[in-house]
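**Student:** A structural model of the following input is requested.
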Amino acid sequence: MMESEDHRPEEKATGSAWLVHASGLHARPAIKLTKLAKRFSADVVVGTQAGGPWKDAKSIAQVLSMKVPARETLFFEARGADAAAAIAALVGLVNADFEPALDALSLTQGAGNEPS
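**Tutor:** Residues are numbered from 1 along each chain as shown. Next up is the predicted model:
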């Protein structure tokens, strides 16, 4: 019986950010959050407490169901190969009040999708 050569433990990362968006986590910022989370292969969850309960950060319905008001802390946890990158991107998005910098967008966009 052959064993897999890849025995590395699954990467786990956590992070948090203060939600300063004046209207809280309403539809527009929630869509930006879920779209960004979907760019990563890691499983990503979000909550309003460090220990959960958690919601799937890739599900717009679950993120909106949180009804997070302004001035709350969002906690993130990710598991998978790109967990640290996912957490860094999501925390950065919230810290930037859901207006990601152009350089951050270019890092997460797929190559070859630009018009010629």
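**Student:** all helices for the chain, in order.
**Tutor:** Applying DSSP state H to the chain gives helices spanning 27-37, 60-65, 83-95, 102-108.
**Student:** list the buried ones in the second one?
**Tutor:** With burial defined by 16 or more other CB atoms under 10 Å, the residues of helix 60-65 counted as buried are 60, 62, 63, 64. No exception for glycine: its C-beta is placed from N, CA and C like everyone else's.
**Student:** now the first one: how far from residue 51?
**Tutor:** Taken as CB to CB, to the nearest Å, the spacing of residue 60 relative to residue 51 amounts to 24 Å.
**Student:** then the third one?
**Tutor:** For residue 63, the distance to residue 51 under the criterion CB to CB works out to 18 Å.
**Student:** quick one on the thing from earlier: to residue 20, which of the helices of the chain lies closest?
**Tutor:** Comparison of those against residue 20 by CB to CB identifies helix 83-95 as nearest, at 8.1 Å.
**Student:** what's near enough to touch residue 90?
**Tutor:** Counting by CB atoms under 8 Å, 6 or more residues apart in numbering, residue 90 touches 15, 17, 33, 36, 37, 44, 46, 57, 76.
**Student:** just the pLDDT for the residue lying closest to residue 86 once chain neighbours are set aside.
**Tutor:** In space, and not counting its chain neighbours, residue 86 is closest to residue 40: 3.9 Å by CB to CB, 6 or more residues apart in numbering. On pLDDT, residue 40 comes in at 97.
**Student:** also the one 3 residues further on?
**Tutor:** At residue 43 the predicted local confidence, pLDDT, stands at 98.
**Student:** my guess is it contacts residue 80, does it?
**Tutor:** Yes - the pair residue 43 and residue 80 qualifies as a contact (CB atoms under 8 Å) at a distance of 5.7 Å.
**Student:** re the thing from before, separation between the residue nearest to residue 86 and residue 85?
**Tutor:** Counting by CB to CB, the separation of residue 40 from residue 85 is 7 Å.
**Student:** more neighbours: which of those two?
**Tutor:** The neighbour comparison of residue 40 against residue 85 (other CB atoms under 10 Å) goes to residue 40, with 22 against 19.
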